[in-house]
Structure formats: C-alpha cells, structure tokens
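**Student:** I would like to see how this sequence folds:
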Amino acid sequence: MAISVGNTPSDISALLRTSPQAYVSLGDLLDPTKPDNRDLLIQTYGDQGITGFLELTGAVKSAGTADEVQYWEEGRLHRTFTTDGAGLAAAAAGAIADLEYDNALTAAPARLNDVLLTEGGQRLVVVGIDEAGTELEVRALDNGAITGEATTGVPVIIIGNIYAQGTAQPDSFYDTDVVRRTNPFFITKETFSVNGSQATNIGWIDVGNGDYRWYVKGEMDTRKRFMNQREMMMLLSETADTLGTATALDTGVTTGSEGYFSAVEDRGINVSGSFSSFADIDLIILELDRQGAPMEYAMYVDRQTSLDLDDMIAAGIATSVTAGLPGQFGAFQNNADMAVQLGFKSFTRGGYTFHKHDWKLLNDPTLLGAWNSTGGGVYKGAMVPLTQVADAKTGVKAPALEMNYKAANGYSRELEHWVTGGGVLGYKTDDTDTARFHYRSEVNLITRAANKHVVLTA
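**Tutor:** Numbering: from 1, shown residues only. Next comes the predicted model:
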C-alpha cells in the first residue's frame with residue numbers, strides 16, 4: 001500500500017518574524033471588479049489544539065512557592081539483593097557455603113539468621129558475614145546439601161529470619177525506604193506583534209464572531225500554539241546538570257525540568273513494538289502486577305497503535321475475550337456512555353480495565369506524528385493509571401500526574417498575558433507603533449509512582 005498526500009508544506013522560515021507585517025500597498029487594492037469573496041476561514045487540518053491530556057488523566061493545578069517541587073515516594077517493603085561473582089557455591093549436607101552478593105553494595109545485604117530463598121528454590125539461613133569481602137556464609141535451612149547456583153545478577157529474596165530459644169533480638173534493623181524526588185519549574189514564553197496600521201485594516205476573512213481584522217487570527221493562533229507547546233514541554237522536557245550557557249539563554253544556565261516521558265523512561269515501564277495479540281497485553285499486565293499497579297488505565301496511543309488494538313480486540317472477541325465493559329467504567333462515574341462520548345474504547349484482560357483513546361499529539365505531522373509516513377517516530381503512546389497515589393511522607397492522596405505553577409499572594413504564573421505598545425489598541429507603555437502581546441508560564445509536571453506508568457515506543 002502506498003499513500004501520497006497532495007499538501008504543499010509551509011515555508012516555516014517565512015512565518016518566523018521579528019517585526020509586524022508592513023503596510024498593504026495601495027496598488028494591491030486597485031481592482032475594478034469586486035471579487036466574489038467567501039469569508040469563511042476553512043480549518044484545513046481540523047482543530048490543531050493538543051491540550052487536554054493532562055486534565056483528562058487526572059492532573060491538577062497546584063500553586064508552587066519555591067524554585068522546585070519536592071515529593072516523596074516509598075520504596076519496596078521487602079528486601080532482595082542480587083548475586084555476583086561465583087554466585088552460590090555448592091556444599092555437602094550440614095556444611096557452610098559462600099554466597100557472593102553484588103560488589104557494588106557498601107555493606108552486607110542481610111543479617112545473621114535471615115532466611116533466604118534462591119532462584120532454584122533453596123532455603124538458606126545466614127550463619128556468617130564476611131565483613132572484609134562481599135560474601136554471606138549460608139547453610140541449608142533443612143541442614144541438607146546445597147546445590148551451586150553460579151548465575152550472577154539473579155535476585156535472592158529475604159523471606160524472614162529464624163532464631164533459637166533464649167537468643168537476643170537482632171542487633172540491626174531494616175530502615176524505611178523513602179525516596180525524596182525534586183523537579184524544578186521551567187519558564188516558557190511567546191510573543192506576537194501587530195503595528196498600528198495593520199490593527200485597523202479590515203480583511204476578507206471572518207476570523208470569528210464577525211471580526212475581519214486579520215491580526216486577531218494571528219494572536220489567537222499564537223495563544224493556542226503557546227498552550228500546545230507548554231503541554232509538550234511538560235510531557236517531553238528533560239533535566240540536566242546544566243543546559244545551555246548564559247550566551248544561549250537570557251536567564252543563564254538552567255537545569256531543565258523532568259517531563260512525563262523522561263520520568264517514565266527513567267523509572268517506569270517501557271514497551272517497544274506493536275500489539276499483535278493479547279499475549280502482548282499479557283506481558284504488560286504481568287509487569288503491572290509486579291509494580292502493584294491499579295486495575296484501571298487510560299491508553300493514549302497513535303492511530304496505528306489504535307488500529308492494532310482494534311484488530312487485537314476484534315480477534316479476541318472471536319475467542320471469547322471480554323470487550324465492551326458495560327458497568328465497569330470507574331474512571332467515568334460507571335457510565336459507559338460518558339466513556340464513549342470522550343472517544344474511549346474499553347476492554348478488560350486479567351482483571352485490568354483499559355480505556356483506549358487516540359492521541360492527537362502523536363498523529364499531527366507537525367508534532368510527534370512527523371515521522372508517521374516513514375514508519376518512524378519515537379513514541380507510540382502511554383498508559384496512565386487512573387487512580388490516586390498516596391504520598392509516603394504525608395499520607396495525602398493525589399492524582400498520578402500533577403501540574404504545578406508558581407503563585408503567591410494572588411500573583412499566579414500559570415498563564416500570564418499582557419500587552420505593551422505605543423498607543424496601539426490603547427496600550428501606552430512605549431513609543432513604538434505596535435501592540436505586542438506577551439505570554440509566559442512557569443510550570444512543571446510531577447509524575448508520581450512512575451513505575452506504574454507505561455510508555456509505548458516503536
């Protein structure tokens with residue numbers, strides 16, 4: 001199958017301006033015949049707004065009062081460590097064997113009398129610790145022989161401990177594992193200008209509500225583009241020790257800000273390839289179980305992945321796989337019609353509910369869909385848990401995604417908008433014959449429990 005599209009791409013360099021457009025010449029207006037004008041502005045590419053993903057997936061807006069947001073995530077309750085070097089040595093019945101652990105650890109990962117479970121199903125009790133090296137001395141819990149397990153990098157589980165009668169309490173304990181995370185705010189800006197003459201010119205096109213002033217269209221597009229780009233920055237931004245220099249950024253060096261995809265790529269579930277059968281979904285479900293994930297997810301995907309999922313679901317119906325889900329729309333007030341109205345298609349598998357929705361961000365050829373025609377592109381979608389996450393430090397529950405903006409004492413930097421000019425449109429701040437529209441936001445996005453989120457890549 002081959003598809004060609006007869007669209008001539010815009011010359012982006014011709015659209016990038018540093019000053020307002022010049023006057024329309026009188027010669028351009030002299031025409032003895034009045035044109036048969038149609039004043040409707042056609043939306044050739046439909047609604048090009050992409051905002052809404054964060055709101056629909058539970059992101060809330062919260063005022064920030066520092067240069068970064070800190071939040072807390074609890075670690076695993078139980079303990080494991082990995083083997084290294086020679087792994088577990090073999091030993092005769094009743095004998096002691098060496099178990100080598102990860103050399104990167106700064107101390108022994110287990111205590112005396114801790115009981116371990118190996119990949120081979122052997123139960124071992126720790127009877128000694130080689131403080132000078134990276135080995136535990138272990139004996140079989142049943143006092144039998146120990147089979148060597150030479151594989152390295154394999155988890156060993158601490159399942160408990162065992163003590164003899166009359167012995168003292170442990171002399172050490174496992175502390176609570178809480179991770180402090182931070183994410184700086186980032187500042188994004190935009191501007192648009194119109195000179196006084198253009199602000200009073202009446203054009204051929206109705207740009208909305210009977211207004212024929214063309215600059216109004218330019219200002220509306222600038223605002224929409226700014227909102228789109230602000231959302232993309234929250235999704236795609238990254239952190240770094242330093243980003244740029246004072247010569248490249250007016251504000252000097254910046255550490256950036258962690259976006260959604262960056263957070264999930266670093267701490268979450270990353271899945272590559274296409275969906276061809278429910279076996280692919282099953283692999284994701286098994287990992288979700290390992291991460292203690294909730295049972296309901298929103299899947300935002302590009303068009304090709306959406307079609308693949310439709311084919312997968314259709315094939316599943318033929319084999320008695322549940323689809324449709326009437327009465328199981330917890331994220332939509334248990335209202336199937338509401339989910340349909342929002343464009344979601346839902347299915348269940350293994351007790352999990354998945355609500356599928358096409359993501360315009362991944363389909364637009366001027367955004368992340370720019371490589372669709374070549375079969376390329378990085379991202380195919382994301383799976384966001386539809387649940388609230390409890391903060392490990394405070395116990396307060398909040399959505400899995402949270403958009404924050406700077407604000408204090410009634411002053412908010414969520415979306416600042418102001419106009420400057422030399423009398424044009426009534427704005428008198430300087431001596432230029434222009435009106436200059438300014439937009440600014442200082443925001444960030446917090447991805448809580450990123451281990452429960454899924455990013456789909458090519």
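
**Student:** Sketch out the low-pLDDT regions of the stretch 201-350 of the chain for me.
**Tutor:** Across the stretch 201-350 of the chain, the ranges flagged by pLDDT under 70 are 241-254, 315-344.

**Student:** which residues touch Gly369?
**Tutor:** Applying C-beta atoms under 8 Å, 6 or more residues apart in numbering to Gly369 gives the contacts 302, 361-363, 377. Using the backbone N, CA and C atoms, a C-beta is placed for each residue, glycine as well.

**Student:** out of the residues you listed, who has the most neighbours?
**Tutor:** Counting neighbours by other C-beta atoms under 10 Å, the top entry in those is Leu362, with 25 neighbours.

**Student:** got the domain boundaries for the protein?
**Tutor:** For the chain, automatic domain parsing gives the domain ranges 44-71+185-458, 80-176.

**Student:** Go through those and pick out the most buried.
**Tutor:** Greatest average neighbour count among the domains of the chain goes to domain 44-71+185-458 (a mean of 16), per mean count of other C-beta atoms under 10 Å.

**Student:** Can you give the distance from that one to the centre of its chain?
**Tutor:** 8 Å (C-alpha atoms, centre = their mean, to the nearest Å).

**Student:** I'd like to know which elements the helix or strand Asp308 falls within is packed against.
**Tutor:** Secondary structure from DSSP states H and E places Asp308 in helix 303-317. Counting contacts by 3 or more C-beta pairs under 8 Å, 6 or more residues apart in numbering; DSSP states H and E, helix 303-317 packs against helix 278-290, strand 345-349, strand 352-358, strand 379-385.

**Student:** what's the closest residue to Val384 other than its chain neighbours in contact with, if anything?
**Tutor:** Leaving aside its sequence neighbours, Val384 sits nearest to Thr57 (C-beta to C-beta, 6 or more residues apart in numbering; 4.5 Å). Contact analysis of Thr57 by C-beta under 8 Å, 6+ apart lists 298, 300, 384, 386, 399-401.

**Student:** 10 Å - rerun?
**Tutor:** For Thr57, the contact set (C-beta atoms under 10 Å, 6 or more residues apart in numbering) comprises 260, 297-298, 300, 331, 357, 382, 384-386, 399-401, 453.

**Student:** likewise Phe192?
**Tutor:** By C-beta under 10 Å, 6+ apart, the contact set of Phe192 is 17, 20, 215, 218-223, 225-226, 419, 435-439.

**Student:** go on, Asn209?
**Tutor:** For Asn209, the contacting residues are Val216, by C-beta under 10 Å, 6+ apart.

**Student:** and it, that one's in a helix?
**Tutor:** No. Read with DSSP: H, G, I helix; E, B strand; the rest coil, Asn209 is coil and lies in no helix.

**Student:** Got phi/psi on it?
**Tutor:** Torsion angles at Asn209 (phi, psi; degrees, to the nearest 10) stand at phi 60, psi 30.

**Student:** same thing with the one 10 residues further on?
**Tutor:** Backbone dihedrals for Glu219, given as degrees, to the nearest 10, come out at phi -70, psi -40.

**Student:** pretty sure it is touching Gly208, no?
**Tutor:** No. Contact between Glu219 and Gly208 fails when scored by C-beta atoms under 10 Å: they sit 11.2 Å apart.

**Student:** Grab the most central residue of this structure for me.
**Tutor:** Centroid-nearest residue in the chain, with C-alpha atoms, centre = their mean: Tyr260, separated by 2.4 Å.

**Student:** Skip the chain neighbours and tell me the closest residue to it.
**Tutor:** Leu235 (4.6 Å).

**Student:** residues contacting that neighbour?
**Tutor:** Here Leu235 is in contact with 50, 53-54, 259-262, 361, 368, 379, 382, 445 (C-beta under 10 Å, 6+ apart).

**Student:** Need the max-distance pair from those residues.
**Tutor:** Greatest spacing in those, by C-beta to C-beta: Ile50 and Ser262 (18.3 Å).

**Student:** Could you point out the bridge partners of the closest residue to Pro155 other than its chain neighbours in the sheet?
**Tutor:** In this structure, Pro155 finds its nearest non-sequential neighbour in Thr80, 4.6 Å apart by C-beta to C-beta, 6+ apart. For Thr80, the beta-bridge partners under DSSP bridges are Ile157.

**Student:** In this model Pro109 seems to touch Thr80, though I could be wrong.
**Tutor:** Yes. Between Thr80 and Pro109 a contact is recorded at 8.4 Å, counting by C-beta under 10 Å.

**Student:** Between the two, which contacts overlap?
**Tutor:** Shared contacts of Thr80 and Pro109 (C-beta under 10 Å, 6+ apart): 116, 156, 158.

**Student:** any idea which of the residues you listed is closest to Asp266?
**Tutor:** Val156 (25.5 Å).

**Student:** Next up, the contacts around the closest one.
**Tutor:** The contact partners of Val156, by C-beta under 10 Å, 6+ apart, come to 79-83, 87-88, 99, 101-102, 109-110, 116-119, 122, 124, 136, 138, 149.

**Student:** for Leu367, same thing?
**Tutor:** Listed by C-beta under 10 Å, 6+ apart, the contact set of Leu367 reads 48, 50, 228-229, 232, 360-361.

**Student:** One more pass at 6 Å, please.
**Tutor:** Leu367 makes contact with Leu361, according to C-beta atoms under 6 Å, 6 or more residues apart in numbering.
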